[in-house]
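**Student:** take a look and give me a structure for this.
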Amino acid sequence: MGRERNGEKLVTVNRRARHEYHIEETYEAGLVLTGTEVKSLRAGRASIQEAFAQFKGGELWLVHMHIPPYDAGNIYNHDPLRPRKLLLHKSELHRLVGKVQQRGYTLIPLRVYFKRGYAKVELALARGKKQYDKREAIARREARREMERALQRRLKGKER
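**Tutor:** Residues are numbered from 1 along each chain as shown. As a prediction, the model looks like this:
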């Protein structure tokens, strides 16, 4: 991806997240990486489609994030699916532990980016959508598009 936006270099976005979850809150977390992981991320290679965050031993870990091995990494290359530690303030961690223990909440990554040279993850505290919620959202989106098309057709008709 590699788009620059107010000092942030975007690496990857989880497009399915907003479709499959109701996003309650978002947090910015630091990402602990090895050297070849950073090189691979800077090249814009990563996938967070299947990723989620979970607590282990009082720490927050990002699981199932795929960072492919760096091409010139030789023997120092990393495991593509290894769990990666997330860095948050202690107060945020305590708050998230309480929220995640509630039924139905999960932590999912929305995007990975570089900010002032540091790898960051935008985490969302989310609740899964039911199938009918997804259908409803699609129907709303289609109706809005159809209204816009009708408006455009009407405006073009008046110009002639």
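
**Student:** can you tell me the SS state at the closest residue to residue 53 other than its chain neighbours?
**Tutor:** Spatial nearest neighbour of residue 53, chain neighbours left out: residue 107 (3.8 Å); criterion: C-beta to C-beta, 6 or more residues apart in numbering. From N, CA and C alone the C-beta is placed, and that goes for glycine too. Secondary structure assignment for residue 107 (DSSP: H, G, I helix; E, B strand; the rest coil): strand.

**Student:** could you point out which residue ranges in the chain have low pLDDT?
**Tutor:** 1-6, 73, 132-133, 159-160 (pLDDT under 70).

**Student:** go again using 90 as the cut-off
**Tutor:** Segments of the chain classed as low confidence (criterion: pLDDT under 90) are 1-26, 33-60, 65-84, 90-107, 111, 115-119, 125-143, 146-160.

**Student:** what about the nearest residue to residue 21 once chain neighbours are set aside, which SS state?
**Tutor:** Across the structure, with C-beta to C-beta, 6+ apart as the measure, the residue nearest residue 21 apart from its sequence neighbours is residue 126 (3.6 Å). Remark: residue 126 carries the secondary structure label strand [criterion: three-state DSSP].
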